[in-house]
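Trainee: Curious how this folds, go ahead:
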Amino acid sequence: MLLPAILLRIKPVVTQERAELESDYDLIAPKVGGPLYAVLQTKCSRQAATVYAANFTVDENAPNGGFSFVQPAGQKLIEKWPAIAQQNCADRSGRQPQGLPRKFAAFRLTDALRQKGHKLN
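Mentor: Numbers count the residues shown, from 1 in each chain. Predicted coordinates for the structure are as follows:
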């Protein structure tokens with residue numbers, strides 16, 4: 001998941017590059033990141049199930065004897081992978097939801113820093 005990268009990228013914005021905020025950010029980020037990760041993971045898992053259901057039959061999704069790239073379902077996955085990867089975790093317009101996790105994480109982290117008594121713009 002991209003959450004650790006998101007938390008790292010938003011750090012300068014949230015902390016306003018102030019040292020006293022950065023140390024608290026480092027303590028708070030894992031606490032905020034855990035629940036955020038769970039929410040995003042659940043959303044992406046549901047989205048992936050929908051995408052796979054749209055691209056594969058019931059028998060292809062639950063092959064008897066397990067999955068293999070040599071079997072027809074595996075060959076179909078290889079063939080359709082670019083489209084499936086594009087559809088996974090995309091919103092209804094087809095765009096990847098990169099902005100939403102960043103904004104949500106920034107909001108949660110900013111709120112947590114304010115609760116610790118930090119003044120933020």
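Trainee: Heading C-terminal from the helix or strand containing Ala29, find the next helix or strand.
Mentor: Secondary-structure assignment from DSSP states H and E places Ala29 in helix 19-55. Remark: after helix 19-55, the chain's next helix or strand is helix 58-61, criterion DSSP H and E.
Trainee: could you give the mean pLDDT of that next one?
Mentor: When pLDDT is averaged along helix 58-61, the result is 80.
Trainee: Could you give the separation of that helix from the chain centroid?
Mentor: 26 Å (CA atoms, centre = their mean, to the nearest Å).
Trainee: And the helix holding Ala29, what's buried?
Mentor: For helix 19-55, a neighbour-count test (16 or more other CB atoms under 10 Å) marks 21, 24-25, 28-29, 32-33, 36-37, 40, 47, 51, 55 as buried. From N, CA and C alone the C-beta is placed, and that goes for glycine too.
Trainee: And that helix, what does it pack against?
Mentor: helix 3-15, helix 72-87, helix 99-115 (3 or more CB pairs under 8 Å, 6 or more residues apart in numbering; DSSP states H and E).
Trainee: Ok, which of these comes nearest Asn61?
Mentor: Closest approach to Asn61 among these is made by helix 72-87 (7.8 Å; CB to CB).
Trainee: For stretch 19-26, give me every contacting residue.
Mentor: Contact with stretch 19-26 is made by Lys11, Val14, Thr15, Leu109, Leu113, Lys116, His118, Leu120, as judged by CB atoms under 8 Å, 6 or more residues apart in numbering.
Trainee: Buried among these? Need that as a selection in ChimeraX.
Mentor: Buried members of those, defined by 16+ other CB under 10 Å, are picked up in ChimeraX with:
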select :11,14,15,109,113,118
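Trainee: quick check, nearest of the contacts of stretch 19-26 to Val70?
Mentor: Lys11 (44.9 Å).
Trainee: Which residue, other than its chain neighbours, is closest to the closest one?
Mentor: Tyr25 (5.9 Å; CB to CB, 6 or more residues apart in numbering).
Trainee: same question, Leu109
Mentor: Val14 (5.0 Å).
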